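**Q** Following is a predicted model, sequence given first.
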Amino acid sequence: MKKEDAVLVVSFGTSYNDSRKKTIEEIEKTIAGHFHGYEFHRAFTSRVIINILKKRDSISIDGVSEAMERLLNQGIKRVLVQPTHVMSGEEFDAMMAEMSPYEASFEAVAVGAPLLTSDEDYERLVRILAEDTKEFDQEGTEIILMGHGTEHAANEVYVRLAAEFKKQGYGRYHVGTVEATPSLEDMKRETDQTGARRVVLQPLMIVAGDHANNDMAGDEEDSWKSVFQADGYDVVCRLKGLGELEGIRSMFVDHAKMAVRSLTFK
């Protein structure tokens, strides 16, 4: 019997194939596994990434508008959209804008929340990351999570997450960004005050892509690794995207389930 419901997982995307397989594709598999009666589709919001993958690897991935058009043409009536974005920032807004012209053509469209939305999300993320990095949480070591950062108002998630770490008693954790605040300089100032001589750097991003490999762990003198090493720190770089963590994938599944409950699906 023809399926009338579909789940569309929307990610920013990455040109790093190894990381995509361990992060985005694992999130997609996990979500698809919880919605067996649904057609599964994926879309990326980054046209740059879509074009790179098409030209370099002959991999075709829909943008959001193409995915919605495809679902319409397949006769899908109800769509569950689950973004893998960390926050309701520019990429989430762009996704919603691309979806908007198509929504009236379906019986129902439900949109799941990004990773960090509710108070519970922050609490869960802190517990997940603390567990993942517990071997480093010791005297003399500071753990720095590097987010992307944005001029969008959603940038406040980083300060809020850092506060949640402190609230739960994880005083050695810091949250910074590549392109906004808190900045690398802020992270350096915070760690200098602790007296620690080792830092652990880990991306606070769904994938370990360009920012993680170059801005964080690259050999250029302005990378986070190089800046800390130049000041005498022992630096450990963990090129591990959030999507690799089972707990993160479970958070997205829970957001998708909550979205479905908000509308009349089957």
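**A** Cool, the structure landed.

**Q** from here on, contacts and neighbour counts on C-alpha atoms
**A** OK.

**Q** for the stretch 151-266 of the chain, which spans come out with low pLDDT?
**A** Applying pLDDT under 70 to the predicted model, the residue ranges of the stretch 151-266 of the chain that meet it are 263-266.

**Q** Report the contact partners of the residue nearest the centre of the chain.
**A** With the centre of the chain defined as its mean C-alpha position, the nearest residue by CA atoms, centre = their mean is residue 206, 3.2 Å away. For residue 206, the contact set (CA atoms under 8 Å, 6 or more residues apart in numbering) comprises 23-24, 84-86, 241-243.

**Q** Show the backbone phi and psi for it.
**A** Here is the backbone geometry of residue 206 (degrees, to the nearest 10): phi -60, psi -40.

**Q** quick one: contacts of stretch 156-166?
**A** Here stretch 156-166 makes contact (CA under 8 Å, 6+ apart) with 87, 116, 122-123, 126, 147, 171, 173-177, 182.

**Q** between those, which is closest to residue 256?
**A** residue 116 (13.4 Å; CA to CA).

**Q** Would you confirm that the closest one contacts residue 87?
**A** Yes: counting by CA atoms under 8 Å, residue 116 does reach residue 87; the two are 5.5 Å apart.

**Q** more crowded one of the two?
**A** Comparing residue 116 with residue 87 by neighbour count (other CA atoms under 10 Å), the higher total belongs to residue 116, at 23 against 19.

**Q** ok so that one is a strand residue?
**A** No: residue state for residue 116 (DSSP: H, G, I helix; E, B strand; the rest coil) corresponds to coil; a strand is not indicated.

**Q** how far away is it from residue 81?
**A** Spatial separation of residue 116 from residue 81 under the definition CA to CA, to the nearest Å is 16 Å.

**Q** Just the strands from the chain, written as ranges.
**A** Counting by DSSP state E, the chain has these strands, from start to end: 5-11, 39-44, 78-83, 108-111, 141-147, 173-177, 198-203, 234-237.

**Q** Adding mean neighbour count and distance to residue 216, write the ones you listed out as a markdown table.
**A** Compiled in a markdown table, these are given as follows (neighbours: other CA atoms under 10 Å; distance: least, CA to CA, whole Å):
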| stretch | mean neighbour count | distance to residue 216 |
| --- | --- | --- |
| strand 5-11 | 24 | 21 |
| strand 39-44 | 21 | 23 |
| strand 78-83 | 26 | 25 |
| strand 108-111 | 21 | 32 |
| strand 141-147 | 24 | 7 |
| strand 173-177 | 24 | 10 |
| strand 198-203 | 23 | 7 |
| strand 234-237 | 17 | 8 |
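
**Q** Indicate which one of these is closest to residue 190.
**A** Proximity to residue 190 (CA to CA) singles out strand 173-177 among the strands of the chain, at 8.0 Å.

**Q** Spell out which strands sit alongside the closest one in the sheet and which way each one runs.
**A** Strands adjacent to strand 173-177 in the sheet, as given by DSSP bridges, are strand 141-147 (parallel).

**Q** quick one: the partner strand to chain centroid distance?
**A** Mean C-alpha position of strand 141-147 versus that of the full chain (CA atoms, centre = their mean, to the nearest Å) differs by 16 Å.

**Q** and if you look at stretch 102-110?
**A** Remark: stretch 102-110 is offset 25 Å from the chain centroid, using CA atoms, centre = their mean.

**Q** ok, residues contacting that stretch?
**A** Contacts to stretch 102-110, defined as CA under 8 Å, 6+ apart, come from residues 68-69, 72, 76-81, 259-260, 262-265.

**Q** can you rerun that using 7 Å?
**A** Residues outside stretch 102-110 that contact it (CA atoms under 7 Å, 6 or more residues apart in numbering): 68, 77-81, 259-260, 263.

**Q** Which of the contacts of stretch 156-166 sits closest to residue 30?
**A** Using CA to CA, these come closest to residue 30 at residue 116, 18.5 Å.
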